[in-house]
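Engineer: no FASTA, just this:
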């Protein structure tokens, strides 16, 4: 018999309760939703859950002493990549809570302790899943594939217990009126060294509510017919069935848990039931099956449990009444304080039993729970009970890690003087402390490429960096200060005789450039940015490195953002950037910041396709209709305000035409050159979400540049009761809380949209980004000193079936997409 106490409190307790201020626990707990299985990072959910979950798990993995640094990073990557994107939007007063935890969070950490002193960290979560569709439409298959889970039993359980759409409506009618989400399953992940094993938990009671079926009988029948090995559970099930009729209150099956591993290799099924009450006598009866399971191990385990029972239910030493059933703190919550699991293993006649004590039902606050657990560990002779070891670990995980995160944001608060911010990030100093003038002068010199290094930061301004707008110059200078001598920053141009002319780094030939570029005939409203498009890919292909548009402020180093992963020889990655999410089915590889290894074949194919579109043209006008792209589906960004788009679709495609060329190659298979775009991009590309990491300021303001300008021009010193000051403060803090960068784009020229970049370009606003005491100066300081610590989540570009092609890289194949005819 094993004792399990729910001892590590949910790390989201204070955050969730703050968000639900004014909502009763029962009502908040009942408010649940159904959502899309595809993560929508635009709603801020990822930033919230990452902020509150990742530091806690990271701390536990570090402090329990059972994991190497490599294993810790691997487990955190799994959390960020596969779990957090499916936890739903951030909570607010109307946030639909999960039934997984008492405070309504869809995530909970715990630790499995044993006599050896080794501890195993685990976590449980409930994914947000769509109301309609099949299992394949949920995030479950992708998560299962990541941990190599065996889903044979899971599919049978989900087919039995997942209520249909009609049944869900019936269940909603029987649950509290403010309930909208019906729990279908929870998942737990045991982090054992470098391995991850998955468990799934189902509630038969949901199906009972919908159909009236005997959920206990249905569960037993399902277990007996499981494929494979269902027949091997029959002896244990018969043992249980002989016990239940003699109980004063026959226990109902509340939850069924299964191991998602090969059933032939010690896979288990756990049946969770409640004793008739929470007294020790009731637990004894449940564990021994009414006196029919009284082996030495069982009785010794019960003796240990009896010795510490008073501790677990928060009663004084010497409490001897074993029939006493202590009332729980929250009788409305589903967990009654004590429950048991009957563990079934193939061929085992008598089930193993575990007892679970929900300490939060007997203690108010994490401190009291931690102190109690230390007393339990001390009684067991475990080192976790010595000198506050366990309590320190919990405090570190649930408080200090989050405090570190907040502290990194708080460093951006201080006094601004001129264009320099007084303050520093803990553990971080500027790598280049030269003056703006000295750095700017050096950037105008030719610096040869080191053939042994790809640490190149590339940018472009057609008339030279000296002609750059001052705020853009300060952006570039901040890159130098942040990265020091470990990177070489170059800003190339098209000025004849310039030491930083593009031709010093790229052969000025038709192999790399169209005639319009070479003959200086490029025309159109956006000729300069399209010239930059023609330069960026050859630079990365020939020399490697990272292309950065001059409108970027960086809040974390490019090493941390991309390069450490790209240069890791154990990684197959060759290309990195940001995913521009349009909707659940359509996304694009954004080209404003691109990292690539030297000789990357995808970059070459991308540029060759771009050159093909330039043949016979002096501008990008009308390229949207080129035959190489006519098969692509519509990539129109939905309006965030409900208004009509500020520009015509054709103009939008012409402006982003280089990105559409990449859409062609990533959907293309050309056997003649051994190119398989879908496979290559699924294996060799690192992507993060563009909206949250780059364009959060624009997202928050619906691309209203004038509103951004007004907020950033306000003084930091002000009253919190001043709504305008409060709005500006929250705006800037939200950007630093969420993003790794901030890009100010000049965008498509239109009368319906005003861009902050163009406002700052004006002579009268040339120093607006460093106005003394302003929120803009706050951001300028952050661009050099602030270090974003929020973990990044790798994403994938969805492949559109209606965009797939097979044929030559530069050949016209496929048919015109129907959307062009609408």
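Structural biologist: That came through, no problem. The structure presented is a predicted model; accordingly, all values stated were derived computationally and were not measured.

Engineer: Low-confidence bits of the stretch 301-450 of the chain, can you list those?
Structural biologist: 334, 387, 398-431 (pLDDT under 70).

Engineer: one more time with 90
Structural biologist: 316-322, 328-337, 347, 360, 363-371, 373-435 (pLDDT under 90).

Engineer: Quick one: the helices in it, in order.
Structural biologist: 366-380, 389-395, 401-410, 436-442 (DSSP state H, counting those that start in this stretch).

Engineer: Including mean neighbour count and distance to residue 226, could these go into a markdown table?
Structural biologist: (Each C-beta comes from the backbone N, C-alpha and C, glycine too.) As requested, the helices of the stretch 301-450 of the chain are exported to a markdown table (neighbours: other C-beta atoms under 10 Å; distance: least, C-beta to C-beta, whole Å):
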| stretch | mean neighbour count | distance to residue 226 |
| --- | --- | --- |
| helix 366-380 | 18 | 36 |
| helix 389-395 | 19 | 38 |
| helix 401-410 | 16 | 41 |
| helix 436-442 | 15 | 68 |
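
Engineer: Including distance to residue 595, could these go into JSON lines?
Structural biologist: JSON lines is the format used below for the helices of the stretch 301-450 of the chain (distance: least, C-beta to C-beta, whole Å):
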{"stretch": "helix 366-380", "distance to residue 595": "42"}
{"stretch": "helix 389-395", "distance to residue 595": "37"}
{"stretch": "helix 401-410", "distance to residue 595": "24"}
{"stretch": "helix 436-442", "distance to residue 595": "23"}
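
Engineer: who wins for proximity to residue 511 among these?
Structural biologist: Proximity to residue 511, assessed across these by C-beta to C-beta, is greatest for helix 436-442 (30.8 Å).

Engineer: residues in contact with the closest one?
Structural biologist: With C-beta atoms under 8 Å, 6 or more residues apart in numbering as the test, helix 436-442 has contacts from 419, 432, 465-466, 473-474, 477, 480-481.

Engineer: ok so, going back, so which of the helices of the stretch 301-450 of the chain gets nearest residue 311?
Structural biologist: That would be helix 366-380 among the helices of the stretch 301-450 of the chain, by C-beta to C-beta, at 5.5 Å.

Engineer: Just list what that closest one packs against, helices and strands only.
Structural biologist: helix 296-312, helix 389-395 (3 or more C-beta pairs under 8 Å, 6 or more residues apart in numbering; DSSP states H and E).

Engineer: hang on, the earlier thing: so which of the contacts of helix 436-442 is the closest to residue 600?
Structural biologist: Taking the contacts of helix 436-442 together and measuring to residue 600 by C-beta to C-beta, the closest member is residue 480, at 25.3 Å.

Engineer: can you pull the contacts of the closest one?
Structural biologist: With C-beta under 8 Å, 6+ apart, residue 480 has these contacts: 432, 439, 443, 489.

Engineer: Can you name the residues that contact residue 127?
Structural biologist: 37, 83, 86-87, 106, 138-140, 143, 187.

Engineer: Is residue 108 in a helix, a strand, or coil?
Structural biologist: The local conformation at residue 108, judged by DSSP: H, G, I helix; E, B strand; the rest coil, is strand.

Engineer: same question but for residue 221, I mixed them up
Structural biologist: Secondary structure, three-state DSSP: residue 221 is helix.

Engineer: what about the strands in the stretch 1-150 of the chain?
Structural biologist: Under the criterion DSSP state E, counting those that start in this stretch, the stretch 1-150 of the chain contains strands at 2-5, 107-113, 119-125.

Engineer: Can I get those in a markdown table including mean pLDDT and mean neighbour count?
Structural biologist: As requested, those are exported to a markdown table (pLDDT from 0 to 100; neighbours: other C-beta atoms under 10 Å):
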| stretch | mean pLDDT | mean neighbour count |
| --- | --- | --- |
| strand 2-5 | 44 | 16 |
| strand 107-113 | 89 | 21 |
| strand 119-125 | 93 | 21 |
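
Engineer: Kindly reformat those as TSV containing distance to residue 268.
Structural biologist: Below are those laid out as TSV (distance: least, C-beta to C-beta, whole Å):
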stretch	distance to residue 268
strand 2-5	13
strand 107-113	14
strand 119-125	15
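
Engineer: Figure out which of those strands is closest to residue 68.
Structural biologist: Across the strands of the stretch 1-150 of the chain, closest to residue 68 is strand 119-125 (C-beta to C-beta), at 13.3 Å.

Engineer: Report the angle between the top helix by length along the chain and strand 119-125.
Structural biologist: Secondary structure of the chain per DSSP state H: the longest helix is helix 45-63. Orientation of helix 45-63 against strand 119-125 (axes from the mean of the first three to the mean of the last three C-alpha atoms, to 10 degrees) gives an angle of 170 degrees.

Engineer: And helix 45-63, how far out from the chain middle?
Structural biologist: Distance of helix 45-63 from the chain centroid (C-alpha atoms, centre = their mean, to the nearest Å) equals 10 Å.

Engineer: Could you give the average pLDDT over it?
Structural biologist: On average, the pLDDT along helix 45-63 is 85.

Engineer: burial of residue 435, as a residue count?
Structural biologist: By other C-beta atoms under 10 Å, 9 other residues sit near residue 435.

Engineer: contacting residues for residue 226?
Structural biologist: Counting by C-beta under 8 Å, 6+ apart, residue 226 has contacts 153, 156, 233, 263.

Engineer: For those residues, give me CSV that also has pLDDT.
Structural biologist: As requested, the contacts of residue 226 are exported to CSV (pLDDT from 0 to 100):
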residue, pLDDT
153, 96
156, 95
233, 94
263, 92
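
Engineer: In helices, which of those residues fall?
Structural biologist: Using DSSP H, the subset of the contacts of residue 226 located in helices is 153, 156.

Engineer: Tell me the one of the contacts of residue 226 nearest residue 562?
Structural biologist: When these are compared for distance to residue 562 (C-beta to C-beta), residue 153 wins out at 40.0 Å.

Engineer: Spatially nearest residue to residue 495 (excluding sequence neighbours)?
Structural biologist: If the residues on either side of it in the chain are set aside, residue 495 comes closest to residue 464, at 4.8 Å by C-beta to C-beta, 6 or more residues apart in numbering.

Engineer: Likewise for residue 216?
Structural biologist: residue 253 (5.1 Å).

Engineer: sorry, back to before: give me the angle between the longest helix of the chain and strand 107-113.
Structural biologist: Using the same axes, to 10 degrees: helix 45-63 against strand 107-113 is 10 degrees.

Engineer: Use 47 as the first number for this chain going forward.
Structural biologist: Sounds good: first residue 47 from here, last item helix 91-109.

Engineer: Mind giving me the packing neighbours of helix 91-109?
Structural biologist: helix 115-124, strand 153-159, strand 165-171, helix 435-441, helix 447-456, helix 769-784.

Engineer: quick one: which of the ones you listed is nearest residue 398?
Structural biologist: Across these, closest to residue 398 is strand 153-159 (C-beta to C-beta), at 15.1 Å.

Engineer: Tell me the helices and strands packed up against the closest one.
Structural biologist: So strand 153-159, by 3+ C-beta pairs under 8 Å, 6+ apart, packs with helix 91-109, strand 165-171.
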